[in-house]
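> Dropping a prediction and its sequence here:
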Amino acid sequence: MEPEAAALDQRRKQLVGEKVIQQMHTAHRQLVSHGKVILIGITDQDMFIKGNPKLGFAFSVRNTSSSIAVVSSFRMDPRNLGAGINDAVLQSRLRKMVARNVGLMLYDLPASKDPHSLLFNNILDVEQLDFVDEGFAGSGLLPAR
């Protein structure tokens, strides 16, 4: 689905994460009202959290009460950070952020203070995102497979 014009902050040229989640909830009300279903949207547009505008951007915004999240790959993409194309890096970062939301919303796993954990509660830049493990194994929260 295409984000509505109202979801874009024209001044910042960024999506407002909470507004995208609200739009997703409206569009998929039937789906998200049926038990433990999570909905994760992925966008390549830049995004921020209106509730915390000082952060400047957000990799992900989620609403745990509705089990909806949106992940922005914009700041994960090396091309948007002044580097060349590196699809492997972009895909790894995107997998991590989507899996993080699955862990937090579907499995109700707690956030972690361990900077290696996929569930680290304070991933604020790509260096931290690159530093976290890609899976839940090793986090002490789920057994290794």
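Everything's here; your move.
> All the strands of the chain, in order from the start?
Listed in chain order, the strands of the chain (DSSP state E) span 8-9, 14-16, 39-43, 47-48, 60-63, 68-72.
> what's around the nearest residue to residue 51 once chain neighbours are set aside, how many residues?
Excluding the flanking residues, the one nearest residue 51 by CB to CB, 6 or more residues apart in numbering is residue 18, at 6.6 Å. Every C-beta, even on glycine, is put in place using the N, C-alpha and C of the backbone. Residue 18 is flanked by 17 other residues according to other CB atoms under 10 Å.
> Same check on residue 52?
11.
> which residues touch it?
Listed by CB atoms under 8 Å, 6 or more residues apart in numbering, the contact set of residue 52 is empty.
> how close does it sit to residue 15?
Residue 52 sits 14 Å away from residue 15, taking CB to CB, to the nearest Å as the criterion.
> ok, now residue 107?
26 Å.
> More neighbours: the two, which one.
Remark: of residue 107 and residue 15, residue 15 carries more neighbours, 24 against 14, as counted by other CB under 10 Å.
> How about the more buried one: which residues does it bridge to?
Applying DSSP bridges to residue 15 gives these bridge partners: residue 8, residue 47.
> Residue ranges in the protein under the pLDDT threshold?
Along the chain, the model assigns pLDDT under 70 to residues 35, 137-145.
> Determine the longest helix present in it.
The longest helix of the chain (DSSP state H) is helix 87-105.
> Residue 126: how many residues sit nearby?
Counted with other CB under 10 Å, residues neighbouring residue 126 total 16.
> Surely it touches residue 81?
Yes: if you go by CB atoms under 8 Å, residue 126 and residue 81 touch, sitting 6.8 Å apart.
> overlap in contacts of the two?
Contact with both residue 126 and residue 81 is made by residues residue 75, according to CB under 8 Å, 6+ apart.
> can you list the strands of the chain in a markdown table and add distance to residue 33?
What follows is the strands of the chain, written out as a markdown table (distance: least, CB to CB, whole Å):
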| stretch | distance to residue 33 |
| --- | --- |
| strand 8-9 | 27 |
| strand 14-16 | 23 |
| strand 39-43 | 11 |
| strand 47-48 | 25 |
| strand 60-63 | 14 |
| strand 68-72 | 11 |
